[in-house]
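Chemist: fold the following for me, if possible:
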Amino acid sequence: MSIRHGRSRWHKDQSLTAYQKATHLAGELTRHQIDKTVFDHFLNTRADTVELMHRVPRELFDAIAEGVAMSLAALFIYIADGVHWWMAHVMEDGRTGPPSYSRDRDSIIAVLGASGDRISGFFSADNGKAMAATYSFSDPDGTVTT
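Modeler: Residues are numbered from 1 along each chain as shown. The predicted structure is shown next:
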């Protein structure tokens, strides 16, 4: 038996995280329809990314294909760390940037999942209140992005 959402499949032996539960909350949040569409797309994409990581054979995880700049491990680290950095420095969610973790396959999978939990928790808190806010960020060169 499994729980099906989008194209991803979560097996009953995996406990549902806050991130996965948010996929079911996404339809109940009070916000503009486009926000819900974007939020749902992110949740589906993140679930697919985590599922993909589970399917990559361990022997290929650190391999670098010819003509490619980074391994799958490095790419997934970049994705996970980027989300944690963005949440800390742009969204200012009150937590620090990327957590410290070993760069082995299982740890990277866990941190990637945690980055999805972090975003979904932030945007689903207070009935989706953060979706209506405006955020800005100042680059080191002084450029402000809103």
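Chemist: and what about residue 141, helix, strand or coil?
Modeler: Secondary structure, DSSP: H, G, I helix; E, B strand; the rest coil: residue 141 is coil.
Chemist: check which helix or strand residue 50 maps to.
Modeler: helix 33-55 (DSSP states H and E).
Chemist: pLDDT of that helix, averaged?
Modeler: Across helix 33-55, the average pLDDT comes to 85.
Chemist: please apply the same query to stretch 104-113.
Modeler: Computed over stretch 104-113, the average pLDDT equals 89.
Chemist: buried sites along it?
Modeler: Going by neighbour count (16 or more other C-beta atoms under 10 Å), the buried part of stretch 104-113 is 105, 108, 109, 111, 112, 113. Heads up, the C-betas are built off the backbone N, CA and C, glycines and all.
Chemist: just put those in TSV and tack on distance to residue 69 and secondary structure.
Modeler: Compiled in TSV, these are given as follows (distance: C-beta to C-beta, whole Å; DSSP: H, G, I helix; E, B strand; the rest coil):
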residue	distance to residue 69	secondary structure
105	20	helix
108	18	helix
109	22	helix
111	21	helix
112	19	helix
113	25	helix
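Chemist: what's the burial count for residue 39?
Modeler: Neighbour count of residue 39, defined by other C-beta atoms under 10 Å: 23.
Chemist: now do residue 128
Modeler: When neighbours are defined as other C-beta under 10 Å, residue 128 has 19 of them.
Chemist: that one contacts residue 38, doesn't it?
Modeler: No - counting by C-beta atoms under 8 Å, residue 128 sits too far from residue 38 to count as a contact (11.5 Å).
Chemist: list the contacts for residue 81?
Modeler: By C-beta atoms under 8 Å, 6 or more residues apart in numbering, residue 81 lies in contact with 97, 98, 111.
Chemist: repeat the analysis, applying 10 Å as the threshold.
Modeler: 97, 98, 99, 101, 108, 111, 112, 115 (C-beta atoms under 10 Å, 6 or more residues apart in numbering).
Chemist: tell me which element it is part of?
Modeler: If you go by DSSP H and E, residue 81 is part of helix 72-89.
Chemist: now that helix: buried residues?
Modeler: Buried residues in helix 72-89, counting neighbours by 16+ other C-beta under 10 Å, are found at 72-74, 76-77, 79-81, 83-84, 86-88.
Chemist: okay, residue 89: pLDDT?
Modeler: On the pLDDT scale, residue 89 gets 86.
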